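> Next input, structure requested:
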Amino acid sequence: MESKKRNILFRKLQVIAANFSTLRIRNIRIYMIGQAMSLLGDWMQQTAQAWVVWELTHKATALGIVAFLSQIPFFIFGPWVGSFADRFDRRKILLITQVLAMVFAFLLALLLQTHWLVLWHVYVLAFLLGTVTAFNVTAEQAFIGDMAGAGNIKGAIALNNSLNQFTRLVGPAIAGWLIASVGIAPAFWLNGLSLIVSIICIMIIQSKREEAPVEGSGWSQFKQGLGFLVNNKLLRLIILFGMIQAFFGMSIIQLLPAFATIVLKGNASTLGTLIGSAGAGALVGIVIVLPFVQRIKKVCIAIGGAVIWSGIWYFLFSFTRDQSLAMLCQFMASMGAANVLTLSIGLAQELSPVNMRARVLSAFMMVIFGLQPIAAYLVGWGADVFGINDMMKVNGTLMILLPVLLLTTPALRRLKTTVQIPAVRHPVA
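Got it, this is the predicted structure:
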């Protein structure tokens, strides 16, 4: 009996450890070192930026506007980012985008340090950084595949996504401590320095890519990727679940600075712990839960169930007035949310032809996140008008009811997949 239990535990550990096996590849190891530093700084900056906006305005609408400006580039440039990554050298794209992100971080730090920063500066830089990120994320996913090679792409992308969630756990906590201890500007300075490490690591890497002829304009190539999605019934339905999670779930995250201050009566450290708790939940969801969820052949039920799980915890979150309970709700909600987006976007990449992977991924992400900027603004405005807790209740309720309605469709429940779905970094964590 004991031997059987040990064997079961060993097999489970093997499933989890498979995500880290690609570290044996030299280029992957080097890239992940740079990614760890870059992502850590990125989460610090996101936390600090949200706190800057809240300190300047104390308006949830302003938080919504910043989220809108950060995310709208994914919609505006969606038709081109995939074909851009398929057509040009992905390594050079990553170098250019990282350099630009470094410049924006240093500029924000300088404006804060000299007390020249005003709200429109944050708005403009949020849009510029969102534009850079839109091109970076799509190229990054394909570049990881170039480095890993055939047969290793699933593990490499899953490793990258796990790293993203780990830094999401640590970065906001460090940012909260820095803001409370020495001020906001150091979070931006450190992000700029972290990007220098990432740039050096990308320069060291020598990668090969599978060459395939890319014909037509960016728009025509985007339509090819979109056409692939339209003709795939499984992906069409999964898009709906991804849109529900992105539209309602991500909108709750943007309200955390207001929630930490008004509801929990806290400060920047409180915000850091809430975002860190969400990161911890997402990390557990991807590293421990996802490998087993991937084995469910009725993928629509798996994804729909994860949306409902996330919605339940966001609904409960709207009633909390205690920091420990709020952290628990964020942890549990993000554990489900990470699986929704990872499974949805990962499936689109895994089912795509190699020469169309970036195009299909960009089309899929544009469809899922296309309405998210509008949601960001509306939820921020609604929080100011109706109250933070009430808006969270509405979002959580819809995240429960809409997937339930979709799952009552017999054709949807019968859809199966035998594809091993990789984990993919979400662009707007």
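> pull the longest helix from the protein.
If you go by DSSP state H, the chain has its longest helix at helix 26-57.
> Past that helix, which element shows up next along the chain?
Downstream of helix 26-57, the first helix or strand assigned by DSSP states H and E is helix 60-76.
> Only the C-alpha atoms, please, for the helix or strand following that following helix, written as CSV.
Using DSSP H and E, the helix or strand that follows helix 60-76 towards the C-terminus is helix 78-87. C-alpha atoms of helix 78-87 as CSV (Å, rounded to 0.1, in the frame of the first residue of the first chain):
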residue,chain,number,x,y,z
GLY,A,78,-3.1,42.9,-33.3
PRO,A,79,-3.3,42.5,-37.1
TRP,A,80,0.4,43.2,-37.5
VAL,A,81,2.4,41.9,-34.5
GLY,A,82,2.1,38.2,-35.5
SER,A,83,3.1,38.7,-39.1
PHE,A,84,5.9,41.0,-37.9
ALA,A,85,7.3,38.2,-35.7
ASP,A,86,6.9,35.7,-38.5
ARG,A,87,8.6,37.9,-41.0
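> Point out the other helices and strands that helix 78-87 packs with.
Judged by 3 or more CB pairs under 8 Å, 6 or more residues apart in numbering; DSSP states H and E, helix 78-87 is in contact with helix 119-148, helix 218-230, helix 357-369. Placement of C-beta: from N, CA and C, glycine included.
> Name the stretch among the ones you listed that sits most buried.
With neighbours taken as mean count of other CB atoms under 10 Å, those reach their highest mean count in helix 357-369, at a mean of 27.
> Let me know the angle separating whichever helix or strand comes after that helix from helix 60-76.
Downstream of helix 357-369, the first helix or strand assigned by DSSP H and E is helix 372-386. Helix 372-386 runs at 170 degrees relative to helix 60-76, counting by axes from the mean of the first three to the mean of the last three CA atoms, to 10 degrees.
> Out of the helices and strands packed on helix 78-87, which gets nearest to I253?
Closest of these to I253 is helix 357-369, at 13.4 Å (criterion: CB to CB).
> Quick one: mean pLDDT over the closest one.
What helix 357-369 shows for mean pLDDT is 70.
> Counting by contacts, list what the longest helix of the chain packs against.
Helix 26-57 packs on helix 60-76, helix 90-113, helix 119-148, helix 153-181, helix 185-204, helix 256-258, helix 268-284, going by 3+ CB pairs under 8 Å, 6+ apart.
> Output the following helix or strand past the last one as PDB, restricted to C-alpha atoms.
So the one you mean is helix 268-284. For helix 268-284, the following helix or strand on the C-terminal side (DSSP H and E) is helix 290-293. Coordinates of each C-alpha in helix 290-293 appear next as PDB, following Å, rounded to 0.1, in the frame of the first residue of the first chain:
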ATOM      1  CA  LEU A 290      -2.200  22.800 -14.900                       C
ATOM      2  CA  PRO A 291      -0.300  19.600 -15.700                       C
ATOM      3  CA  PHE A 292      -3.200  17.500 -14.400                       C
ATOM      4  CA  VAL A 293      -5.900  19.800 -16.000                       C
END
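> Now do helix 290-293: which elements does it pack against?
Counting contacts by 3+ CB pairs under 8 Å, 6+ apart, helix 290-293 packs against helix 2-17, helix 323-350.
> Any buried residues in the longest one, and which?
Meaning helix 323-350. Within helix 323-350, the residues scored as buried using 16 or more other CB atoms under 10 Å are 323, 326-350.
> average pLDDT across it?
Averaged across helix 323-350, the pLDDT comes to 84.
> now the shortest one
Taken as a whole, helix 2-17 has an average pLDDT of 55.
> For M365, give its distance to I262.
32 Å (CB to CB, to the nearest Å).
> Looking at the helices and strands packed on helix 78-87, spot the one closest to L159.
helix 119-148 (8.7 Å).
> how far out from the middle of the chain is that closest one?
Chain-centre distance of helix 119-148: 12 Å, with CA atoms, centre = their mean, to the nearest Å.
> ok so, going back, if we compare the helices and strands packed on helix 26-57, which one ends up closest to Y377?
Comparing the helices and strands packed on helix 26-57 by CB to CB, helix 60-76 comes nearest, at 4.5 Å.
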